[in-house]
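Peer 1: sequence and predicted structure below; questions after.
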Amino acid sequence: MGDKSVHGSRFTVHGYMRLAFIKKRFSIHGGAERYLQTLIQHIKNSGHEIHVLANQWVDEEGITFHKVNIIPFTSFLSTLTFDINTRSRVKGRESRFYDCIISFERTTCQDIYRAGEGCHAEWLNIRARVEPLYKRLSFKINPLHITLLNLEKELFSKTRLIIANSKMVKDQIIKHYAVPEERIAIIYNGVDLKRFSPENKYKWREGVRDSLNISEDSKLLLFVGSGFERKGLKTLINAIPFVENDNIKVLIIGKGDIEKYRALAERLGVPDKITFLGTKKEIERFYAASDLFVLPTLYDPFSNATLEAMASEIPVITTMNNGAAELIENGHEGFVMDDLFNSQELAEKINLSLEHLELMSKKAREKTESFPIERAVAEFTLAIEQLRK
């Protein structure tokens, strides 16, 4: 790959590598999957040989796909058998074939684990704050939770290098599993600054708004995330009646129980302000049409959508439980909520943001220019190379 300079740091990677990436399934809709796809593509373009071990994958030229069988009937069996069968494969005849094995799943056979899903032990702690007693008690006997916690304990103990995508996640891993700090590296997610660009507004803003019957003088709030409960959609909808600007629209993109949240909007008297679009492939078009990105998430190790919105020159409101909040200074690139469930606090931050959109939009884009996807790839590749020394 040669020498690469990224914002003053030199990343020097020598020689050809045969790399294996572990990911159970690939979907064009998920932010983590988009990031992995982009990362692999960039590493492949640098001349390295890429193999993917997965149960489901979208074929791509130049990448060798290896099917890993699972028992798919329950999440517990799916998770457990994927680990068992992947471990059997890479620890068997293929063990000396790869220069480095990188897992994006909770598996126990990798050299590097990217903790893109965060820390399950921490997520259960957060859920315990909002779930009823019977649900909290079920955490102790649910085989999926037991499996995930056992996998975390083993992989954090054995994996040579753990890559966290935020300081928040690194601190949580240390808190729950006492992993030595030097075995955890932080590599923030990167964003494609060309795909997610302020220039998109000139190409798509008017057309997208026209297709949704949203006038140019309306302020459009955008929510992007699958798993509406975890992403905090209830908090956002509850905040809408408290927003001072009557001429707002809210666009909801992602997978979840749409009817449940549409009913909530009806009860609050704001159904006409909210549009549910389901999942969308060309998400950059919707960033281009929007004025403010709102993600009051309960837990996000690092929301790619947050970074994409900022790169598209859209300020962001999110919570302290989003690793991407580490890139946001209150009143500059957006706002970070202290209380995950305080809809009035969220409404206040929406009101402030709508008053200062132009300045905050510029600062949001400026911040992301320090986090291009090329930087993340260079840092990730360097981590692989250093582990091999």
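Peer 2: Received it, and whenever you're ready, just let me know what you need.
Peer 1: list the residues that contact residue 247.
Peer 2: Contacts of residue 247 were listed using C-beta atoms under 8 Å, 6 or more residues apart in numbering, and they are 217-219. Just so you know, the C-beta spots here come from the backbone N, C-alpha and C atoms, and that holds for glycine as well.
Peer 1: nearest to residue 302, of these?
Peer 2: Residue 302 lies nearest to residue 219 out of the contacts of residue 247, by C-beta to C-beta, at 26.8 Å.
Peer 1: tell me where the model's unsure across the stretch 51-200 of the chain.
Peer 2: Scanning the stretch 51-200 of the chain for pLDDT under 70 picks out 92-95.
Peer 1: that one: helices as residue ranges?
Peer 2: 75-90, 120-127, 133-138, 143-158, 167-177, 200 (DSSP state H, counting those that start in this stretch).
Peer 1: deepest-packed of these, please.
Peer 2: helix 200 (a mean of 21; mean count of other C-beta atoms under 10 Å).
Peer 1: show me what the very next helix or strand once past it is in contact with.
Peer 2: Sequence order places helix 206-211 as the next helix or strand after helix 200, per DSSP states H and E. If you take C-beta under 8 Å, 6+ apart as the criterion, helix 206-211 is touched by 215-216, 218, 220, 285-286, 288-289.
Peer 1: could the helices of the stretch 51-200 of the chain go into JSON lines alongside distance to residue 109?
Peer 2: JSON lines is the format used below for the helices of the stretch 51-200 of the chain (distance: least, C-beta to C-beta, whole Å):
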{"stretch": "helix 75-90", "distance to residue 109": "4"}
{"stretch": "helix 120-127", "distance to residue 109": "19"}
{"stretch": "helix 133-138", "distance to residue 109": "30"}
{"stretch": "helix 143-158", "distance to residue 109": "9"}
{"stretch": "helix 167-177", "distance to residue 109": "18"}
{"stretch": "helix 200", "distance to residue 109": "41"}
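Peer 1: can you check which of these gets nearest to residue 50?
Peer 2: Using C-beta to C-beta, the nearest of the helices of the stretch 51-200 of the chain to residue 50 is helix 75-90, at 14.8 Å.
Peer 1: the residue nearest to residue 177 when sequence neighbours are not counted: what's it in contact with?
Peer 2: Residue nearest to residue 177 in three dimensions, not counting chain neighbours: residue 156, with 4.3 Å by C-beta to C-beta, 6 or more residues apart in numbering. For residue 156, the contacting residues are 113, 162, 173, 177, 179, by C-beta under 8 Å, 6+ apart.
Peer 1: is it true that the last one touches residue 162?
Peer 2: Yes: here residue 179 lies in contact with residue 162, judged by C-beta atoms under 8 Å, at a distance of 6.7 Å.
Peer 1: which one's more surrounded, those two?
Peer 2: residue 162 (21 against 16; other C-beta atoms under 10 Å).
Peer 1: what's near enough to touch that one?
Peer 2: 112-115, 156, 173, 179, 183-185.
Peer 1: with adjacent residues omitted, what lies nearest to it?
Peer 2: Excluding the flanking residues, the one nearest residue 162 by C-beta to C-beta, 6+ apart is residue 184, at 4.7 Å.
Peer 1: roughly how far apart are that neighbour and residue 117?
Peer 2: 15 Å (C-beta to C-beta, to the nearest Å).
Peer 1: who has more neighbours out of those two?
Peer 2: Between residue 184 and residue 117, counted using other C-beta under 10 Å, residue 184 has the larger neighbour count: 21 against 17.
Peer 1: and the more buried one, what does it touch?
Peer 2: Listed by C-beta under 8 Å, 6+ apart, the contact set of residue 184 reads 162-164, 170, 173-174.
Peer 1: of the contacts of residue 247, which is the most crowded?
Peer 2: Ranking the contacts of residue 247 using other C-beta under 10 Å puts residue 219 first, with 19 neighbours.
Peer 1: which residues does it bridge with?
Peer 2: Beta-bridge pairing for residue 219 (DSSP bridges): residue 248.
Peer 1: isn't it right up against residue 292?
Peer 2: Yes: the criterion here is C-beta under 8 Å, and residue 219 meets it with residue 292 at 7.0 Å.
Peer 1: okay, and the common contacts of those two?
Peer 2: By the contact definition C-beta under 8 Å, 6+ apart, residue 219 and residue 292 are jointly contacted by 354, 357.
Peer 1: quick one: contacts for the closest residue to residue 323 other than its chain neighbours?
Peer 2: Setting aside the residues directly before and after it, residue 323 is nearest to residue 166 in space (C-beta to C-beta, 6+ apart), at 2.6 Å. Residues near residue 166 by C-beta under 8 Å, 6+ apart: 186, 188, 301-302, 323-324, 326.
Peer 1: what is the nearest of the residues you listed to residue 375?
Peer 2: For the contacts of residue 166, the nearest to residue 375 is residue 188 (8.4 Å; C-beta to C-beta).
Peer 1: just to revisit the earlier point, what do residue 179 and residue 162 both touch?
Peer 2: 156, 173.
Peer 1: which residue ranges of the stretch 201-350 of the chain form strands?
Peer 2: 219-224, 248-253, 274-278, 292-295, 316-319, 334-337 (DSSP state E, counting those that start in this stretch).
Peer 1: how about residue 224, nearest residue that isn't a chain neighbour?
Peer 2: Spatial nearest neighbour of residue 224, excluding adjacent residues (C-beta to C-beta, 6+ apart): residue 305 at 4.3 Å.
Peer 1: surely the one you found touches residue 294?
Peer 2: No: with contacts counted by C-beta under 8 Å, residue 305 stays clear of residue 294, the gap being 10.7 Å.
Peer 1: before we move on, the earlier item: narrow the contacts of residue 162 to those in strands?
Peer 2: The strands, defined by DSSP state E, take in 112-114, 184-185 from the contacts of residue 162.
Peer 1: ok, so of the residues you listed, who is nearest residue 253?
Peer 2: residue 114 (25.0 Å).
Peer 1: ok, that closest one to residue 90 distance?
Peer 2: For residue 114 relative to residue 90 (C-beta to C-beta), the value is 16 Å.
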